[in-house]
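**Student:** A predicted structure for the sequence below; I have some questions about it.
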Amino acid sequence: MTDTENAFAAAQNKLIPAAARDFVKKAAGAAKERATTFHAGPEKATTTVEQTLVTAVGEVAKLTRQAQQAAYEDVQALFSGVNQLASAKCASEAVRIYLDYVRNRSDVAIARASTASDLVGKLVISGAKTVQQTMANYGLFNNAA
């Protein structure tokens, strides 16, 4: 037998000290815990991004429903304006009805545009803050990960 074979044969019969076994168990446990923590970070980040996207899709659906309602209201206002114009007894009254209609619809359009821009602005800011916070907490450059 060679020296290597003799050393291997002798090592097979020796007992491993309890301290060495405990050290390996503790190291393996710590590594497992770090792996779990490492997995949890991206999982939380994915959940946060998913929730943000679900919220954004919900807001887009809400905006779409509001746009449909606005279109319906515009058509109703148009037919109401046509009925009022048809009841005008003279040209000056028809012009007044028409100008009132245009003024009213302009005010409605301005209010809708203001509301929509405020809502979109809030949605963009909220989404950006969520993404920024997620990247800060779970991003690639996080030293804790």
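**Tutor:** Looks like it arrived, so ask away. The model shown is predicted, which means the values in this text are computed figures rather than measured ones.
**Student:** Same question for the residue nearest to the spatial centre of the chain, what's its three-state structure.
**Tutor:** Centrality entry for the chain: nearest residue to the mean C-alpha point is Thr52, 1.5 Å, by Cα atoms, centre = their mean. Following DSSP: H, G, I helix; E, B strand; the rest coil, Thr52 is assigned to helix.
**Student:** With adjacent residues omitted, what lies nearest to it?
**Tutor:** Closest residue to Thr52 apart from its sequence neighbours, by Cβ to Cβ, 6 or more residues apart in numbering: Thr130 at 4.7 Å. (C-beta placed from N, C-alpha, C; glycine too.)
**Student:** count of neighbours near Leu63?
**Tutor:** 14 (other Cβ atoms under 10 Å).
**Student:** residue ranges for the helices of this structure, please.
**Tutor:** 3-12, 18-86, 91-138 (DSSP state H).
**Student:** Mean pLDDT lowest where, among the ones you listed?
**Tutor:** Per-stretch mean pLDDT for those is lowest at helix 3-12 (a mean of 74).
**Student:** For the residue nearest to Thr52, give its distance to Val57.
**Tutor:** According to Cβ to Cβ, to the nearest Å, Thr130 and Val57 sit 14 Å apart.
**Student:** the more surrounded of those two?
**Tutor:** Neighbours per residue (other Cβ under 10 Å) separate Thr130 from Val57, with Thr130 holding more: 17 against 10.
**Student:** can I assume the more buried one is in contact with Thr47?
**Tutor:** No. Thr130 lies out of contact with Thr47 (Cβ atoms under 8 Å); the separation is 11.3 Å.
**Student:** Good, wrapping up.
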